[in-house]
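In: let's see this in three dimensions:
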Amino acid sequence: MADLQAKPDPAPAPVDSKPLDPPLAEAPPPHDASDPKLALPPPQSQALALVQKAPEPVKKQDEPAKKQGGSIDRDIALADVEKEKRLSYIKAWEESEKTKVENKAQKKLSAVVAWENSKKAAIEAKLKKIEEELERKKAEYVEKMKNQIASVHKEAEEKRAMVEAKRGEEVLKAEELAAKYRATGTTPKKLLGCF
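Out: Here you go, the predicted structure:
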């Protein structure tokens, strides 16, 4: 037993004062263009892009620099999300404004059409009133002209009757004178009145 105590303990292996480097994270696999989840939309698209994050290595408390780098990445991602949110809000606002403008223009166009229709109706009513007035005046003038024609016809009939009566009287007078000349056997002093 004394042997055992006399033997010094074997010296422990030297400890390196430098901490061990953490294991390196594997690089993410290259993007496959055929994978639709990893395909990025065109830059004009307003859709949100899905990005797969590589699994983060286990962090130790003695690595404050790595924590700060993750915080920066997170801030960048949050800024991108905020930017996309702002852009989608702007696009929604733009669509809303365009819709308002279209509705306002449509309302004004409807008002113009209504105004035009009311003015046309008023003008057509005025025209109809004028036409009715003209028809009434035309009927009055037609009646007046018919009365004048009837009056002229009546006067003409009276004049014809007077001419016929005078002619009849003169014929009778001529027959009486002829009978007188025959009875007396004398000849008239004037043969014809027009010579």
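In: all contacts plus neighbour counts: C-alpha atoms, from now on.
Out: Fine.
In: buried ones in stretch 71-85?
Out: residue 84 (16 or more other Cα atoms under 10 Å).
In: just the CA atoms of it, as CSV, please.
Out: Extracted in CSV, the C-alpha atoms of stretch 71-85 (Å, rounded to 0.1, in the frame of the first residue of the first chain):
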residue,chain,number,x,y,z
SER,A,71,-29.9,41.2,-34.4
ILE,A,72,-28.8,43.1,-37.5
ASP,A,73,-30.2,40.4,-39.8
ARG,A,74,-33.4,40.5,-37.8
ASP,A,75,-33.6,44.3,-38.1
ILE,A,76,-33.0,44.1,-41.9
ALA,A,77,-35.7,41.5,-42.2
LEU,A,78,-38.1,43.6,-40.2
ALA,A,79,-37.2,46.6,-42.3
ASP,A,80,-37.9,44.6,-45.4
VAL,A,81,-41.3,43.5,-44.0
GLU,A,82,-42.0,47.1,-43.0
LYS,A,83,-41.1,48.3,-46.5
GLU,A,84,-43.4,45.7,-48.1
LYS,A,85,-46.2,46.6,-45.7
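In: distance check, residue 140 against residue 128.
Out: 18 Å (Cα to Cα, to the nearest Å).
In: next one: residue 146
Out: 26 Å.
In: for residue 71, same thing?
Out: Distance, residue 71 to residue 128, using Cα to Cα: 84 Å.
In: same question for residue 76.
Out: Here the criterion is Cα to Cα. By it, residue 76 lies 77 Å from residue 128.
In: ok, now residue 156?
Out: Taking Cα to Cα, one finds residue 156 at 41 Å from residue 128.
In: next: residue 115.
Out: 20 Å.
In: what of residue 100?
Out: 42 Å.
In: low-confidence ranges, the protein, go.
Out: Counting by pLDDT under 70, the chain has low-confidence residues at 1-69, 191-195.
In: and the strands in it?
Out: Counting by DSSP state E, one finds no strands in the chain.
In: contact partners of stretch 156-166?
Out: For stretch 156-166, there are no external contacting residues (Cα atoms under 8 Å, 6 or more residues apart in numbering).
In: buried set for it?
Out: For stretch 156-166, it's none, nothing buried (16+ other Cα under 10 Å).
In: equivalent analysis for stretch 168-183, please.
Out: residue 178.
In: give me the contacts around it.
Out: 187, 188.
In: go again with 10 Å.
Out: With contacts defined as Cα atoms under 10 Å, 6 or more residues apart in numbering, stretch 168-183 is touched by 162, 163, 164, 165, 166, 167, 184, 185, 186, 187, 188.
In: farthest pair within those residues?
Out: Among the contacts of stretch 168-183, the pair separated by the greatest distance (Cα to Cα) is 162 and 185, at 33.5 Å.
In: can you show me the helices along this structure?
Out: Under the criterion DSSP state H, helices of the chain are mapped to 2-6, 64-184.
In: residue 124: which of the contacts of stretch 168-183 is nearest?
Out: Closest to residue 124, out of all of the contacts of stretch 168-183 and judged by Cα to Cα, is residue 162, at 55.8 Å.
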